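Colleague: The amino acid sequence is not available; the structure is as follows:
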């Protein structure tokens, strides 16, 4: 990795703004900030730049300032020919941000009186406007990474972007290390070929290691990137809310504290209440309104709501009309939507970086501290909240694993390039191998990807005559025909959502039965198909803060009617979708073994830790505690790795296979972010635990299990869609998610039997290992605990194991339970009874 | 055993068995593969193989794996080995389109021919493949018929609108969603009321139509039994458990 050039102390003589701009800052009563001047200096030096700064420091303006200065000096723009193209391209991971940035950017342009033309372009932009943008490019074009992928597939893209001087990437920390980041980076590589002098400018929130982003950003392995750091803001004030002086033993929603949350809302101007899933947000919203005696304007914001509804909430926030918004990660990113003065995190934040980002939503003024309140949902979460609080105080962030460019995204990009203009294999390889995530790509793998694009990459070479890209006489590759190109353009993007249905208000039509009795009206939002699969017509549920009766599915619409049910079905949904972050996990492990540290915790949590010490063991930070005990006719094994739900689930799947072979007769398992529990017919306290947790389980056992796993099917489906092997949209008709899911499962089964080393299967395996299975983290755990397992046989459950045992009763079956649904029953565990037993 | 565990152990288990029912008085075994076994007539019936569906999609630009025909034929072969039928009836739409036989790989074709040796082999015409069958009579072993009687059963590709005691049909690709533990699972299924029987699609890439779809309305006298294909058994599911 190339060391990043870090600019030193500000040298005021080095950069001064042109008088027009200096006057504008003065007229507003502002002085340009140091990092803004440094960004201008980097531009003058022709250097790529990465700005790392907390929210609220004029970061976006810093990104645009050099372009505005250049454009102000340029004079009138020619209508055609050289210099008539786009000067600066702005890319944001959020569509909504482009609109906001456009508005904010227009302020200096208007007030300085600059003749600069700014336009935005997203999936929602009208066809006529898009056509005009193509004919008469604006100076500054604000858009999304998906649009960039589309540009790359345009015929004539090269000419269109020949004048490009600068590309600005906003919120780059949120996107760089995933598939969208891969696609974005490949797009940048393309643009760099069209406009070799183009400068890359990236804006990021504070992160653990900016060099990783700088390395991702640089166009070639040796291109320098100037790193500019914004001034840190005031230290936030973070408190933990203890409801009625008690922390619950188990749970994951934090709704026990709703009355106190309501009081906190009353005491503040405007609050943001972050929860970790969208269904949790509905639940919390509902509970708040039940006690909202003062009729405070409290709104709801999550990704399933109809776009208009989200825009309405955002506008009301901006006007200052709201007192609180219950939201999910949809409000993690973005610029100001009003003066938030309190951030409430309901249930533990799961990651230090995410918490800092969320706290940053409060008080977008650097000199005043942000205020935040965390509400732990259980005793382990209390430890996690305390750890998060300390991490924020120490400016410690979660670290990110190294990311390697994915091949399904590469396949999509190769197809896009072929749609734009014929390419020579060697040229395109050189271009791609310069892109950050693909620097390790071998020529052989690249050829395999091209083969996948052309004919599906099958060993049985029967599809040559149907090839999607073909060789021209001069040896270049081009798209087969316009129809194939059109279909590719309809399917661009690296975001694959689960099959979703539009939720529409139904009106009675009369006649017919089932869904046929209704006609679809206004759309209130959308939700994943699986959600409706658990409802039968007539069931009531909460969505967008209202109670609805489900009437049935018609095509891609879920039809609902208004209902007044006081006790609607609320899906319980296995806790946070984010697993416990690495740095918080480590802090929690340290805190548990450090008795001096316990003093900062609430009394009941201290008692709980002491009780654990008496009844079982408090493990040292390097050891892993395993408890075994009988209960009823079953035998239990509970382990405490603190490595997050994903790694724990994978571990359980592998452990139970071993236990099955050992003849122990495993019957089931559940996990939390902190611990895991397995139960069986025969006792497990005589087992050799070191052998049971041997890291070699990550070999064959993992492979065999993975093959059949539903997670692999889901991951494969995403890879197949992104790579273009299967198309989501076809001219004329959009396939519903259901149809795609169904057929990709069948395709997966057949492909895995006939060509197990197919490129997409390899890609899906790597994705699953890195993502849903968290294999890397599991591997680190198994190595860490070798020879360090502390076994405590017990007569009855320990205080620590209550949360995971309670989970057994609550557990809703995960996606893999297909077979069980057909013929199984769940086991019940009552929280009250368990606590009484432990305390006795 | 809880669900998560079942998932982790599933590769260790093997498919077997079927569900015994009577249709119009004839003993029938609904097999886990989706095929029908009529033990008293030693007859195996499989519907909607849709051979060469993968290559049909590839021709239109979606490069589905070219392995669906071998997979489907292998499944048929396993059933024939297990049951040693005297008669095999393919209940229509055995080929995905009218040119599918031309696209069928030589080895796959030869394997089909081998399976047909030493037994009565019947291609029943379906809406997708009547033309394919008509054009390829010289290249395929077996008889081509539009309907056929097997004991108390009448085999036909498409279910007829009027009540038909003993009718066994395919065409609709029935599948069913079952809900429990706040989650649904969707699988191919047999549907029968004891008078009429509809078979799920046997082909490796064939999708399904929910049994609650309007296309099934009026076919059965009362609420039919839905026999859902599980991994290692066929589950009889009551109508009220369907989602």
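Modeller: Yep, it's here. Model, not experiment: these values are computed from the prediction.

Colleague: longest helix of chain B?
Modeller: If you go by DSSP state H, chain B has its longest helix at helix B:68-83.

Colleague: If you count neighbours, what's buried in that one?
Modeller: B:68-76, B:79-80, B:83 (16 or more other Cβ atoms under 10 Å in any protein chain shown). For every residue, glycine as well, the C-beta is placed using N, CA and C.

Colleague: Please apply the same query to stretch A:354-365.
Modeller: For stretch A:354-365, a neighbour-count test (16+ other Cβ under 10 Å) marks A:354-364 as buried.

Colleague: which residues in the stretch 701-840 of chain A form helices?
Modeller: Assigned helices in the stretch 701-840 of chain A, in chain order: A:710-723, A:737-754, A:759-770, A:775-784, A:802-810, A:818-823, A:831-839 (criterion: DSSP state H, counting those that start in this stretch).

Colleague: ranking these by burial, who's on top?
Modeller: Of all the helices of the stretch 701-840 of chain A, helix A:710-723 has the most neighbours on average by mean count of other Cβ atoms under 10 Å in any protein chain shown, namely a mean of 24.

Colleague: And the contacts of that helix?
Modeller: A:179, A:406-409, A:411-412, A:452-453, A:491, A:493-494, A:496, A:706, A:726-728, A:740-741, A:744-745, A:747-748, A:760-761, A:763-765, A:767-768, A:771-773, A:815-816, A:818, B:7 (Cβ atoms under 8 Å, 6 or more residues apart in numbering or on different chains).

Colleague: how far does that helix sit from the chain's center?
Modeller: Its chain's C-alpha centre and that of helix A:710-723 lie 17 Å apart, by Cα atoms, centre = their mean, to the nearest Å.

Colleague: cool, stretch A:539-556 as well?
Modeller: That offset, for stretch A:539-556, works out to 26 Å (Cα atoms, centre = their mean).

Colleague: Report whether it contacts chain B.
Modeller: No - with Cβ under 8 Å from any Cβ of the partner chain as the criterion, chain B is not reached by stretch A:539-556; the gap is at least 9.4 Å.

Colleague: Could you give the average pLDDT over that stretch?
Modeller: Taken as a whole, stretch A:539-556 has an average pLDDT of 79.

Colleague: Just the buried positions in that stretch, please.
Modeller: For stretch A:539-556, burial by neighbour count (16+ other Cβ under 10 Å) applies to A:539-545, A:547-554, A:556.

Colleague: Tell me how many other residues surround residue 101.
Modeller: Just going to use chain A. The local packing of residue A:101 (other Cβ atoms under 10 Å in any protein chain shown) involves 25 other residues.

Colleague: Please refer instead to chain B.
Modeller: 19.

Colleague: Give me the spatial nearest neighbour of residue B:156, chain neighbours excluded.
Modeller: residue B:147 (4.6 Å; Cβ to Cβ, 6 or more residues apart in numbering or on different chains).

Colleague: For residue A:109, which residues are in contact?
Modeller: A:68, A:116, A:118.

Colleague: Of these, just say which sits nearest to chain B.
Modeller: Distance to chain B, by Cβ to the nearest Cβ, is smallest for residue A:118 among the contacts of residue A:109, at 38.1 Å.

Colleague: Just want to check the distance between the nearest residue to the closest one once chain neighbours are set aside and residue A:91.
Modeller: Of all residues not flanking residue A:118 in the chain, residue A:140 sits nearest, at 4.5 Å (Cβ to Cβ, 6+ apart). Relative to residue A:91, residue A:140 is positioned 12 Å away (Cβ to Cβ, to the nearest Å).
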